[in-house]
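Peer 1: Give me a 3D structure for the following:
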Amino acid sequence: MSLDHTPTRAPKAGPGRRWPLLMSVREAAFELGLSRRRIYQMIHAGELEMVKIGKASRVPSAAVRRLAGEKVDE
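Peer 2: Predicted coordinates:
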């Protein structure tokens, strides 16, 4: 049994990175380098997709990647 508690870091954005299917508005803002307010503005303007799951607002990672100009295979 290993007692090594070294935290693992999330991989940085890149071609080999595994993306979650959905991300929170805060995570989308972080990935795009924008504020949460700007993400909500883009959602309401129809520039960015959003999915509601109960009260939670989630942004498809494919939409974030498309907005960032990355090629997305769906």
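
Peer 1: When you work out contacts or count neighbours from here on, use the C-alpha atoms and nothing else.
Peer 2: Noted.

Peer 1: hey, where'd the helices end up in the protein?
Peer 2: Under the criterion DSSP state H, the chain contains helices at 25-32, 36-44, 61-67.

Peer 1: Dump those helices to TSV, plus mean pLDDT.
Peer 2: Formatted as TSV, these follow (pLDDT from 0 to 100):
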stretch	mean pLDDT
helix 25-32	95
helix 36-44	96
helix 61-67	92
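
Peer 1: So for residue 54, which of those helices sits nearest?
Peer 2: Distance to residue 54, taken as C-alpha to C-alpha, is lowest for helix 25-32 among these, at 14.7 Å.

Peer 1: what's next to the closest one, contact-wise?
Peer 2: Helix 25-32 is contacted from outside by 35-36, 38-40, 57-59, 61, 64, 68, using C-alpha atoms under 8 Å, 6 or more residues apart in numbering.

Peer 1: now do 6 Å
Peer 2: Helix 25-32 is contacted from outside by 35-36, using C-alpha atoms under 6 Å, 6 or more residues apart in numbering.

Peer 1: on that earlier part again, just send the helices of the chain back as a markdown table, with mean neighbour count too.
Peer 2: Shown next, in a markdown table, are these (neighbours: other C-alpha atoms under 10 Å):
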| stretch | mean neighbour count |
| --- | --- |
| helix 25-32 | 17 |
| helix 36-44 | 15 |
| helix 61-67 | 17 |
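
Peer 1: Indicate which one of those is closest to residue 50.
Peer 2: So among those, helix 36-44 is nearest, using C-alpha to C-alpha, at 6.5 Å.

Peer 1: Got the confidence number for residue 48?
Peer 2: pLDDT for residue 48: 95.

Peer 1: how about the helices of the chain, which one is nearest residue 53?
Peer 2: Across the helices of the chain, closest to residue 53 is helix 25-32 (C-alpha to C-alpha), at 12.8 Å.
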